[in-house]
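# need coordinates for the below:
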Amino acid sequence: MKLIPSFSVDHRAIVPGIFVSREDQVGGSQVTTYDIRLKRPNIEPVIDVAAMHSLEHLIATFLRNDPVWKDEIIYWGPMGCLTGFYLIVKGDRPSRELYDLILQAFRSVQDAESVPGATAKNCGYYLMHNLAMAKWYAAEFAEYLSENKDNAKIFAYPHTERLITDDGQAFFDS
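Below you'll find the model as predicted:
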């Protein structure tokens, strides 16, 4: 099987940040998937599941209510590896253009008094939330983004190089 694009990124070199993961045409419109990475894969502990769930609810609500961005947001959801989130947006903006939005979204978590939609009626597992830990992770990521605003590494994916021999054989690093 062909390796999918998200697996062509060298996860050993990913740092927390905001990255363009892929760009697609859907129904004649451009959409971009962003990798909002909070943790270094395979190095840092992953985000607690209940806190991840709370961050999903809190930030999805923030994004879909932002007066400038709400009509551009298609999806916000957690990565299966629990190191970050995917954000799908209409258009093809570079990662840096999302910096202020993402920073504001994570800072907004500090003001939350409850998790939106955390009821049996509104959520598939409403008992699995942890607002206190969500606030901790959000503050950690917001501080990191603030400290690294001018660091180009937080906006550029480290792609894995695949060497091709003269006879067309692909070498994959181990």
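
# the closest residue to residue 59 other than its chain neighbours: which element?
For residue 59, ignoring the flanking residues on the chain, the nearest one in space by Cβ to Cβ, 6 or more residues apart in numbering is residue 105 at 4.9 Å. The way it works is simple: take the backbone N, C-alpha and C, and place the C-beta from them, glycine included. Here residue 105 sits within helix 99-108, counting by DSSP states H and E.

# likewise for residue 142?
helix 131-147.

# mean confidence score for that helix?
Looking at helix 131-147 alone, the average pLDDT works out to 98.

# please save the CA atoms from it in CSV.
What follows is helix 131-147, C-alpha atoms only, in CSV (Å, rounded to 0.1, in the frame of the first residue of the first chain):
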residue,chain,number,x,y,z
LEU,A,131,-11.4,20.8,32.9
ALA,A,132,-8.5,21.3,35.4
MET,A,133,-6.1,19.3,33.3
ALA,A,134,-7.4,20.8,30.0
LYS,A,135,-6.5,24.3,31.5
TRP,A,136,-3.1,23.0,32.4
TYR,A,137,-2.3,21.7,28.9
ALA,A,138,-3.8,24.8,27.3
ALA,A,139,-1.7,27.1,29.4
GLU,A,140,1.4,25.1,28.7
PHE,A,141,0.8,25.2,24.9
ALA,A,142,-0.1,28.9,24.9
GLU,A,143,3.1,29.8,26.8
TYR,A,144,5.1,27.6,24.4
LEU,A,145,3.5,29.4,21.3
SER,A,146,4.2,32.8,22.9
GLU,A,147,7.8,32.0,23.6
